[in-house]
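# here is a sequence together with a model predicted from it:
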Amino acid sequence: MEMHSPTVSSCRMLLGGLVVALATACQPPLNSVITVIRIPNEGRMPHVAVDASGATHLMYFRGSMSGGDLLYVTLEPGGTSWSSPIRVNSEPRSAIGMGPMDGGDMALSQHNGLRLHGVWYLTDPLRILYARSTPGHISFEPQRVIWELVDEVIEARPSVTVDVQEHVFIAWHGATVDGTDDANRAIFMMTSNDGGDTFDPPRVISPASEGACGCCSLETFSATGRIWVSYRSAGDNVHRDQHLLRSTDGGISFVDEVIQPWLIGACPVTTTTFALGPDSVRVAWETNGQVHFAPIDDLTNMVSPDRVGRFRHKNPAIATNRRGRTLLAWGDAPGYRAGGTLQWQVFNPDGRALSQMSPGTDTIPSGSGPAVVVRSDDSFLVIY
């Protein structure tokens, strides 16, 4: 990928199928390598993490909209090819993949040995499913139904996070059949205090007045002893505001606040993500065709790309490196399922753009979005 700017020079290299964009600036130095990789096996809806050794862990969906598989691969530090895929779901084609709001979610735990936790859902009957990797993450335990929902409705995937005490938190939004409109939905959470061996029954953690946007995915995240859930509300089926639930007591209680309002009388099908940086956790979201990110402790300090999109900026993904520089990636596309043109931009810790927007030469598959992570050398990896 080429990035053009008076202070940014770039080169394009092809290394074993990896497209590498090297951006360096004179004043101030960008000092960042941006590596862009396509999901293997024509996959969609990526989720990515890097462990303490520098290895990259990727989970993605492959298959039809009505039934497919969640696959897991790794990329060793300095490697140029992914490992052979391992199926997360033990029953073939037991994940939903319309996208971009479903598929599955993963969390990488490495506080007491490396372990991957995966979560997804199925319908007819409606079930929340969970699987975790075996020691050495070379296979997965058989998938488990951790909750079966009778007479309820879910259209977006659950999300999982793990804290340093190996507590596993799984969140989703749903509603009963008697109240299927979005205004009557709620955010639910299940917690495991034994690393995923058992889970407590789900409980509502969102205010009853806010509802939840049915086809918009939420994201849960934990760091520094706190837990957050970013979700889109549906108050009166009109207030599709982006919200942040935060807990400072290990998920026992949550406080709800508005990130950004959006009055729209329909579900816009949006996604949201978090990123941990050296100074703050950041959250990314979309409002009215533009993507934004902000520190969770200063939500008014919003950062957005320099230009509006040709169509709609959507499905944002972020990562922040040790220097506090944040890469924001997104798709530019019309409609709900279209992945669109892959774009990104790099920002300083204060939110000032360090580069122009990428030229947009790669196309995100339909029903998918990008994922971004920081590698051990402080460079960025974009997967689409």
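Noted; the coordinates are in hand. Numbers count the residues shown, from 1 in each chain.
# can you tell me how far Phe61 sits from Phe188?
According to Cβ to Cβ, to the nearest Å, Phe61 stands 22 Å off from Phe188. Where you see a C-beta, it was placed from the backbone N, CA and C, and this is true even at glycine.
# between these two, which has more neighbouring residues?
Regarding Phe61 and Phe188, a neighbour count based on other Cβ atoms under 10 Å identifies Phe61 as having more, with 29 against 23.
# hey, what's that one bridged with?
For Phe61, the beta-bridge partners under DSSP bridges are Arg44, Leu70.
# list the contacts of it.
Residues in contact with Phe61 (Cβ atoms under 8 Å, 6 or more residues apart in numbering) are 43-45, 68-71, 95, 97, 99, 103-104.
# apply 10 Å and report the result again.
By Cβ atoms under 10 Å, 6 or more residues apart in numbering, the residues touching Phe61 are 39, 43-47, 68-71, 88, 95-100, 102-104, 120, 157, 367-368.
# out of those, which sit inside strands?
Counting by DSSP state E, these place 44-47, 68-71, 104, 120 in strands.
# same list, those, but as TSV with neighbour count please.
TSV is the format used below for those (neighbours: other Cβ atoms under 10 Å):
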residue	neighbour count
Arg44	23
Met45	31
Pro46	25
His47	26
Gly68	23
Asp69	21
Leu70	31
Leu71	24
Gly104	29
Trp120	27
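# which of these sits closest to Thr161?
His47 (11.6 Å; Cβ to Cβ).
# Tyr130 versus the closest one, what's the distance?
Taken as Cβ to Cβ, the span from His47 to Tyr130 is 15 Å.
# next: Ala107.
Remark: distance between Ala107 and Tyr130 (Cβ to Cβ) = 11 Å.
# give me the common contacts of the two.
Common neighbours of Ala107 and Tyr130 (Cβ under 10 Å, 6+ apart) are 117-119, 160, 168, 170, 196.
# which one of the residues you listed sits closest to Phe254?
Of all those, Ile170 has the smallest distance to Phe254: 14.4 Å, by Cβ to Cβ.
# distance between the ends of stretch 374-384?
End-to-end distance for stretch 374-384: 15 Å, by Cα to Cα, to the nearest Å.
# next, the buried residues of that stretch.
For stretch 374-384, the neighbour count (16 or more other Cβ atoms under 10 Å) marks 374-375, 379-384 as buried.
# which ones are touching the residue nearest to Asp151 when sequence neighbours are not counted?
Leaving aside its chain neighbours, Asp151 sits nearest to Val177 (4.8 Å; criterion: Cβ to Cβ, 6 or more residues apart in numbering). Taking Cβ under 10 Å, 6+ apart, we find Val177 in contact with 150-153.
# one more: Val238?
Shown in contact with Val238 (Cβ under 10 Å, 6+ apart): 182-183, 211, 262-266.
# with Gly277 instead?
Residues counted as contacts of Gly277 (Cβ under 10 Å, 6+ apart) are 223, 295, 318-326, 349, 374.
# in the chain, which residue is closest to the centre?
Central residue of the chain (Cα atoms, centre = their mean): Thr273, 4.4 Å from the mean position.
# what about it, distance to Val238?
Separation of Thr273 from Val238 (Cβ to Cβ): 25 Å.
# helices of the protein, start to end?
Ranges of helices within the chain: none, based on DSSP state H.
# what about Asn41, how many neighbours?
Asn41: 12 neighbours (other Cβ under 10 Å).
# and the residue lying closest to it once chain neighbours are set aside, how far from Ser222?
Spatial nearest neighbour of Asn41, excluding adjacent residues (Cβ to Cβ, 6+ apart): Arg62 at 5.6 Å. Going from Arg62 to Ser222 by Cβ to Cβ gives 28 Å.
# between these two, which one's more packed in?
More neighbours surround Ser222 than the other of Arg62 and Ser222, with 24 against 20 (other Cβ under 10 Å).
# surely Pro201 touches Ile170?
No: counting by Cβ atoms under 10 Å, Pro201 stays clear of Ile170, with 11.8 Å between them.
# what do those two both touch?
Contact criterion Cβ under 10 Å, 6+ apart; residues shared by Pro201 and Ile170: 146-147, 188, 190-191.
# now restrict those to buried residues only.
With burial judged by 16+ other Cβ under 10 Å, the buried subset of the shared contacts of Pro201 and Ile170 is 146-147, 188, 190-191.
# which ones among those lie within strands?
Using DSSP E, those in strands are 146-147, 188, 190-191.
# in a markdown table, list the residues you listed along with pLDDT and distance to Pro359.
Formatted as a markdown table, these follow (pLDDT from 0 to 100; distance: Cβ to Cβ, whole Å):
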| residue | pLDDT | distance to Pro359 |
| --- | --- | --- |
| Ile146 | 97 | 44 |
| Trp147 | 96 | 45 |
| Phe188 | 96 | 42 |
| Met190 | 97 | 43 |
| Thr191 | 98 | 44 |
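# what's the closest of these to Arg307?
Among these, Phe188 lies closest to Arg307 (Cβ to Cβ), at 38.2 Å.
# and the closest one, what does it touch?
Applying Cβ under 10 Å, 6+ apart, we find Phe188 in contact with 128, 147, 149, 152, 154, 158, 170-174, 201-206, 212.
# equivalent analysis for Pro261, please.
Counting by Cβ under 10 Å, 6+ apart, Pro261 makes contact with 233, 239-243, 287-288.
# circling back: ok, the residue nearest to the centre of the chain - contacts?
By Cβ under 10 Å, 6+ apart, the residues touching Thr273 are 47, 159, 217, 219, 221, 230, 282-285, 293, 315-319, 328-329, 369-372.
# check it and give its pLDDT.
Per-residue confidence for Thr273 comes out at a pLDDT of 98.
# what are the bridge partners for it, then?
Note on Thr273: beta-bridge partners by DSSP bridges are Ala284.
# look up how far Arg185 lies from it.
With Cβ to Cβ as the criterion, Thr273 and Arg185 are 21 Å apart.
# ok, now Ile259?
As judged by Cβ to Cβ, Ile259 and Arg185 stand 18 Å apart.
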